[in-house]
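K.L.:
pasting the sequence and the predicted model now:
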Amino acid sequence: MIGYQANLLSESHGLRRRVFKSWQTILFLMLIGLAADVWCQRIPLPSSPPVADAALPDAPESLATAPQQSPGQSSPGSIRGVVVNRDGAAYEGVRVVFAQPPSTPVSSRTVESDSNGRFSFSDAPPGAFTLTISSQGFATQVISGLLHSGESQDLPAIVLHVTTAVSEVRVTATQQEVALEQLRQEEKQRVFGFIPNFYVTYVPNAPPLTSKQKFALAWKSSVDPVTFLVTGGIAGVEQANNTFSGYGEGAQGYAKRFAANYSDTFIGTMIGGAMLPSLLKQDPRYFYKGIGTPRSRFLYAIANAIICKGDNGHWQVNYSGILGSLAAGGISNLYYPANNRDGTTLTFENALINTAAGAVQNVFQEFLVRRFTPKIPNYGSSKP
């Protein structure tokens, strides 16, 4: 028993010694750790940049502070702007078209400016773009630019300018209107500025006159003051030479001669220049040639005493002028003195005289009259 207790005491003492040694070991290790900690605090370690400032290349995606873009990827951007006038006032309802090359996802988009004149394009693909700004009454503007990936671009204020209205108006006048305008110009043609030169046109392709215009021209020529003046001069010469003696002498004889001469002129002009030309559709005017050799122009002028241009533009026998002279000569038998009435002979004599006088007049028209007629419109016709 005593031996057993001695052995037990010996084993307990040995256990305590092992435990004590274990605590010594632990305490020793704790002292070494404490010393190492103190040593580390005395000597500071080099600092490293914060993780938030720069992520390590090999860091897991879950630790990154922002989503990363893979190479070749791009983010949409936005474009904003405002439309104003020259005074800075905003314009609402202006049409703005955003366009890019057809290869882009959104090649075209259209918006209108709001009440503050503002417009915007969100989710715009990056790259080159154009903005077309248009509004009724204003000049269209085109703005080009470049939008980078993820960029929010604010454009300078876009100023609208009032467009200059350019209107092309094509007026197609009728032949009647053109003829009337040319007739008005012809009625201003006067040799030396006062002698009527109405029955000449310097337009080679002048449109034909209407019947109303033919009568108006004949009337204006008949009642022109110069016509009365010339008639009075002829009557005076006949009075001095006692031509048509049956009319007598003195004021009464002069008045009869004046009336006879004016009647010849008036009847011949109205019949040969208005009535028959309207009925036969012929132009009573002389068409000035102005080109070619003197011989060709002389023959042309002589020929126009017996030919004329029809309303259809073709040359034909001047029935109006010839029959007009015969008609005037026949009518003159009613008021000439009885001893001077020779019936058919007087009628044809007057017709031949009028035709010859017309030929001479045409020659003067072709070579001289134009030079002394100051108010001739420039129709672009040939010059003499």
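P.N.:
Nice, thanks for sending it over.
K.L.:
gap between the nearest residue to residue 199 once chain neighbours are set aside and residue 205?
P.N.:
With CB to CB, 6 or more residues apart in numbering as the criterion, residue 199 has its nearest non-adjacent residue at 5.1 Å, and that residue is residue 285. Quick note: C-beta positions are derived from backbone N, CA and C, even for glycine. Distance, residue 285 to residue 205, using CB to CB, to the nearest Å: 13 Å.
K.L.:
ranges for the strands of the stretch 201-350 of the chain?
P.N.:
Using DSSP state E, counting those that start in this stretch, the strands of the stretch 201-350 of the chain run over residues 286-287, 307-309, 315-317.
K.L.:
ok, and for stretch 309-320, which residues are buried?
P.N.:
Of all the residues in stretch 309-320, those buried under the rule 16 or more other CB atoms under 10 Å are 309, 310, 311, 318, 319, 320.
K.L.:
report the distance from it to the chain centre.
P.N.:
40 Å (CA atoms, centre = their mean, to the nearest Å).
K.L.:
first-to-last residue distance for that stretch?
P.N.:
With CA to CA, to the nearest Å as the measure, stretch 309-320 spans 11 Å from end to end.
K.L.:
ok, stretch 244-252 next?
P.N.:
With CA to CA as the measure, what separates the two termini of stretch 244-252 is 13 Å.
K.L.:
quick check: mean pLDDT of that stretch?
P.N.:
Mean pLDDT, stretch 244-252: 90.
K.L.:
hmm, back to that, just the pLDDT for the residue nearest to residue 199.
P.N.:
Listed pLDDT for residue 285 reads 95.
K.L.:
measure it to residue 137 for me?
P.N.:
To residue 137, residue 285 is 50 Å away according to CB to CB.
K.L.:
looking at the two, which is more packed in?
P.N.:
In terms of neighbours (other CB atoms under 10 Å), residue 285 is the more surrounded of residue 285 and residue 137; the figures are 23 against 8.
K.L.:
which residues are in contact with that one?
P.N.:
186, 199, 200, 201, 206, 209 (CB atoms under 8 Å, 6 or more residues apart in numbering).
K.L.:
need those residues in TSV (columns: neighbour count).
P.N.:
TSV is the format used below for these (neighbours: other CB atoms under 10 Å):
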residue	neighbour count
186	23
199	18
200	20
201	24
206	22
209	26
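K.L.:
farthest-separated two in those?
P.N.:
200 and 209 (13.2 Å; CB to CB).
K.L.:
got any ranges where the stretch 101-250 of the chain has weak pLDDT?
P.N.:
Applying pLDDT under 70 to the stretch 101-250 of the chain picks out residues 102-107, 164-173.
K.L.:
all helices for it, in order.
P.N.:
175-186, 211-222, 225-241, 250-270 (DSSP state H, counting those that start in this stretch).
K.L.:
what about stretch 76-87, average pLDDT?
P.N.:
Throughout stretch 76-87, pLDDT has a mean value of 90.
K.L.:
in that stretch, which residues are buried?
P.N.:
For stretch 76-87, by 16+ other CB under 10 Å, it's 76, 77, 79, 81, 82, 83, 84.
K.L.:
looking at the buried residues of stretch 309-320, which one is closest to residue 159?
P.N.:
Set against residue 159, the nearest of these by CB to CB is residue 311 (60.3 Å).
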